[in-house]
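[1] Here's a sequence, model it:
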Amino acid sequence: MRVGFNPNKDKIQEPNEFFHQVIVPVYIPNQEEYFKDSFIILQYCLNSLFKTSHTKTYFTIVNNGSCDKVVGYLNQLYEENKIDELIHTTNIGKLNAILKGVTGQHFPLITISDADVLFLNDWQKATYEVFEAFPKTGVVSTTPSSRVLKQDTANVLVAQLFSSKLGFTNVLHPNAMALFAKSIGNIKFYNATHLKKYLTISNGTTKAVIGAGHFVATYRGTVFDLLENKYSSFALGGSSESLFLDQPVNDLGYWRLSTQGNYTCHMGNVLEPWMESMLKNNKDSRIPFGEPTFLSNTKASVYFVDWKKNIFKLLTYKPIWKLFLQYKGLTKEEAQDY
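    Numbers count the residues shown, from 1 in each chain. The predicted structure follows:
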């Protein structure tokens, strides 16, 4: 039976002090073969995240069926108040684990990161600068790539098609790009032209790279407000990441951009000496941070999204695309290689 009246009934939830959530799904079922170094790499990931994030960051870790040693480590971090939210599940798949972290919360900014990402100083500052400079931005990656130029970028490319603000510029950190290629086991992922130039947009003071990957990226929270699909049938890969993380940004009229410099590194599943070195070089950035003004400044529109997609299909037709690349600053030879 029930006696009395629950004092929390009909009580409005108190707002929290955080405005930026970081979600990291973790799947390390054992410490053998493929996962031999994964536990140490996870520690590098989380330690770098804690060290380089400001105090208004809310950390959500979703344990997606990991082994006991990883579970114990995550529980300890939670007990030490280094993690704000820790969710334990069986292996429900990466995207479903991410959705667990997104639901039940409401943050203006949400970073979704793989558990093998090394965060560097100023990653949040650089991210905010892109959102501030380009109000139509819906997602920002802190690892720029010249290979994602045509991935769900119709909104920005069609809108800026004839603008002098859109053009090829020199890659700021080519070594970081080469390191990423090595980390995914494909040293030929970028050719010489990819490592030399990428397409950027400028507002006069700030530049951003067109396109954004999703192994680590920061989204406007509004991107997930109208998410129609609540479940992925894929454990990993398939169409799930495109359906949940890429298409909603495009469908809402937002732009996909990346920081000009590299502020996060992909470690992969094999431990290498550079990882510890970069981690040690990070300075403690756990400082108070005021909520950015750009959070209420959203100018994206769903109008003409389908029209832009149709124009984009025409633009990316190979002969036209090569001419477009030259129009934006590549030589004929570079355009052929891009």
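
[2] Leaving out the residues flanking it, which one is nearest to Phe312?
    Computed as Cβ to Cβ, 6 or more residues apart in numbering, the closest residue to Phe312 that is not its neighbour in sequence is Ala154, at 3.6 Å. Bear in mind the C-beta positions are built from the backbone N, C-alpha and C, glycine included.

[3] List the contacts of the one you found.
    Asn250, Val305, Lys308, Lys309, Ile311, Phe312 (Cβ atoms under 8 Å, 6 or more residues apart in numbering).

[4] Which pLDDT value belongs to the residue nearest to Thr205 when sequence neighbours are not counted?
    Leaving aside its sequence neighbours, Thr205 sits nearest to Ala133 (Cβ to Cβ, 6+ apart; 7.1 Å). On the pLDDT scale, Ala133 is placed at 96.

[5] One more: the one 10 residues further on?
    Reading off the confidence values, Thr143 has pLDDT 98.

[6] isn't it right up against Val216?
    Yes. Taking Cβ atoms under 8 Å as the definition, Thr143 is a contact partner of Val216 at 6.3 Å.

[7] Now for those two: what residues contact both?
    Residues touching both Thr143 and Val216 by Cβ under 8 Å, 6+ apart: Thr264, His266.

[8] Would you state the strands of the stretch 51-200 of the chain in chain order?
    With DSSP state E, counting those that start in this stretch as the criterion, the stretch 51-200 of the chain has strands at 57-64, 85-89, 109-113, 117-119, 137-141, 166-170, 197-202.

[9] Turn those into a markdown table, columns for distance to Ser242.
    Formatted as a markdown table, the strands of the stretch 51-200 of the chain follow (distance: least, Cβ to Cβ, whole Å):
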| stretch | distance to Ser242 |
| --- | --- |
| strand 57-64 | 20 |
| strand 85-89 | 23 |
| strand 109-113 | 14 |
| strand 117-119 | 20 |
| strand 137-141 | 13 |
| strand 166-170 | 24 |
| strand 197-202 | 21 |
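
[10] Format the ones you listed as a markdown table; extra columns: mean neighbour count and distance to Gly290.
    Output for these, formatted as a markdown table (neighbours: other Cβ atoms under 10 Å; distance: least, Cβ to Cβ, whole Å):
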| stretch | mean neighbour count | distance to Gly290 |
| --- | --- | --- |
| strand 57-64 | 23 | 13 |
| strand 85-89 | 16 | 23 |
| strand 109-113 | 25 | 14 |
| strand 117-119 | 25 | 21 |
| strand 137-141 | 28 | 19 |
| strand 166-170 | 16 | 31 |
| strand 197-202 | 23 | 26 |
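
[11] Can you say which of the ones you listed is nearest to Trp274?
    Trp274 lies closest, by Cβ to Cβ, to one member of the strands of the stretch 51-200 of the chain: strand 117-119, at 9.2 Å.
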